[in-house]
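> what follows is a protein structure lacking sequence information:
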Ligand code: EPU
């Protein structure tokens, strides 16, 4: 099992380039299945979730070529409509292929994703929407079997929760459905707009993305395009958190600071100086962090749940009290036990976590519980006294491209053991 060995205490200084967004790349790769000519998707992060998505596309009959951060997808001969259990197990978000498979072939079969590290992850909203669009969906021997031999039809859909994945799945499927789909209470995350931009470049007719009501007028077919994935706002927040606790001066290039407008002020409240230009973020942390903060996670444009573990890790080393309320996922504090093992003082009461900042942390051996929880552990280890070891790094590798290389470049002592 591979691990990260991190010797804490180094300041971080220098320049890094931000990777593309995992949560944009995945739905865009799925949507490429609908294109009748090849797509070139640039700035795809080299992470395991993208590798799994490419394997899913290949298993459906696409010809894919990956060259550094560009993935080419030719879906012309893709006739597959079923994702194997192995691939479903490797990536919960494989459900994002459901709408594309149904729209392309009139059929889709996959095993429901079940729960995960963050709590229950139901897909009822995806299923209800596709039923409303004319699909029949049954559970047969533990598999979801979906069919719409006459194609999907546009309709009105009101989401009870502004689900990111359901919004994306509906937008993809509705792009080639008959008639117009009006989606109310749609998610507004920047990754939704990125997907809409990709689909529009392929010929889709979509209006209102980034707002509450999205209208998708179905077209006969989509064509391939060249698209560049937006920067990963959560990875940016992670590197800001690392500089905040270690001290130093780091510039993050190829970023989109406006996507972090709900996150950056909290780092500033704790004492970091953050200067944003149109596509870069400079972070200076040159004094003991201090301040009392209250963070409520909510849908975009609010504070993102994915940045909650990052902000909480930063708060463990900040003088004062920080209160977190997790409103999106039911079980997103599992990583906290690892931080407490290092000497942090965090108490969790259901969806609330109270952090009392300490002066220093000690090294420890920690098992990454999930993607962002693992990143939170890495942030604390970078600032802790001594050499920490983080195991189950495969969680971190799902979303961070070459995390040890990026951090080494700015002065961290971090190596991967294999
Ligand atoms: N929900 C339902 N029914 C559904 C779908 C969602 O009840 O059919 C609930 C969920 O249980 C959750 C809430 O709605 O409580 C929001 O879930 P959402 O569907 O928005 O999440 P997702 O699409 O499964 C994406 C990201 C997550 C991110 C969330 C929230 C991808 C691949 N994943 O998940 O990213 O936390 O949106 O912003 O885009 C991560 O990158 O670490 C990560 C977990």
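Nice, thanks for sending it over. Given the structure is predicted, the values throughout are model-derived calculations rather than measurements. Residues are numbered from 1 along each chain as shown.
> show me where the stretch 151-300 of the chain has helices.
Using DSSP state H, counting those that start in this stretch, the helices of the stretch 151-300 of the chain run over 164-174, 190-201, 233-246, 264-269.
> wait, which of the ones you listed is closest to the ligand?
helix 164-174 (2.7 Å; Cβ to the nearest ligand atom). The way it works is simple: take the backbone N, C-alpha and C, and place the C-beta from them, glycine included.
> interface residues of the stretch 51-200 of the chain facing the ligand?
Contact residues, the stretch 51-200 of the chain versus the ligand (Cβ under 6 Å from any ligand atom): 93, 120-126, 161, 163-166, 187.
> minimum pLDDT in those residues, which residue is that?
Of all these, residue 120 carries the smallest pLDDT score, 63.
> give the residue farthest from the middle of the chain.
Distance from the centre of the chain peaks at residue 150, with 33.8 Å (Cα atoms, centre = their mean).
> contact partners for the residue nearest to it when sequence neighbours are not counted?
Using Cβ to Cβ, 6 or more residues apart in numbering and skipping the chain neighbours, the partner closest in space to residue 150 is residue 134 (7.0 Å). Contact analysis of residue 134 by Cβ atoms under 8 Å, 6 or more residues apart in numbering lists 148, 150-153.
> out of the residues of the stretch 51-200 of the chain next to the ligand, who's the most crowded?
Of all these, the highest neighbour tally under other Cβ atoms under 10 Å goes to residue 166, namely 28 neighbours.
> is it in contact with residue 129, as I believe?
Yes - at 6.3 Å, residue 166 counts as touching residue 129 under the criterion of Cβ atoms under 8 Å.
> hey, what's in contact with both of the two?
Counting by Cβ under 8 Å, 6+ apart, the shared contacts of residue 166 and residue 129 are residue 159.
> I'd like the next helix or strand past the lowest-mean-pLDDT helix or strand in the chain.
Every helix and strand in the chain was compared by mean pLDDT, DSSP states H and E; the lowest is helix 85-90, with a mean of 88. Sequence order places helix 98-105 as the next helix or strand after helix 85-90, per DSSP states H and E.
> can you list contacts of that following helix?
Here helix 98-105 makes contact (Cβ under 8 Å, 6+ apart) with 30-31, 33-34, 60, 75, 78-83, 107-108, 110, 126, 130, 135, 144, 146, 148, 151-152, 168-170, 172-173, 175-177.
> which residues does the next helix or strand after it contact?
Under the assignment DSSP H and E, the closest C-terminal helix or strand after helix 98-105 is strand 107-110. With contacts defined as Cβ under 8 Å, 6+ apart, strand 107-110 is touched by 81-83, 88, 94-95, 97-98, 101-102, 143-148.
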